[in-house]
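Novice: Okay, structure incoming, though there's no sequence with it:
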């Protein structure tokens, strides 16, 4: 069993920054790809970013590319999402997730992940 706990969300003005953390317990994550997703009000959950098992490869949604950075510290069993130049449209609940399969593959679909955190709210005011 894996438990994922996100933190670092909050209220920020447009143009500001936040750093989200996702700490895992119950199993080491250092062989799995990890992803960040978000769900805005009245919207479906959407892909934000993902990172492979050792951090050498990443992928981003076009809407956040150049503003967000995903990283991981396997020694701490933690994944991060640095969010800069935030926009009101980034307002959402942000979730981290663990991939079903281990390896180098980067996954952008929710169905490729089997464990999810409870989410952390990010609100960007204009």
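Specialist: That came through fine. Computed from a prediction, not measured in an experiment: that's the story for all the values here.

Novice: switch to C-alpha atoms for all contacts and neighbour counts from now on
Specialist: OK.

Novice: How about residues contacting the longest strand along the chain?
Specialist: In the chain, assigned by DSSP state E, the strand with the most residues is strand 92-102. Strand 92-102 is contacted from outside by 4, 6, 22, 29, 31-41, 53, 107, 112-123, using Cα atoms under 8 Å, 6 or more residues apart in numbering.

Novice: tell me what the helix or strand just after it is packed against?
Specialist: Sequence order places strand 113-116 as the next helix or strand after strand 92-102, per DSSP states H and E. In terms of contacts (3 or more Cα pairs under 8 Å, 6 or more residues apart in numbering; DSSP states H and E), strand 113-116 is packed against strand 3-7, strand 92-102.

Novice: Out of these, which one sits most buried?
Specialist: strand 92-102 (a mean of 22; mean count of other Cα atoms under 10 Å).

Novice: Direction included, what does that strand pair up with?
Specialist: Strand 92-102 has the following strand partners under DSSP bridges: strand 32-39 (antiparallel), strand 113-116 (antiparallel), strand 120-125 (antiparallel).

Novice: So what's the model's average confidence on that strand?
Specialist: Across strand 92-102, the average pLDDT comes to 96.

Novice: Report the angle between it and strand 3-7.
Specialist: Here the directions of strand 92-102 and strand 3-7 differ by 150 degrees (axes from the mean of the first three to the mean of the last three Cα atoms, to 10 degrees).
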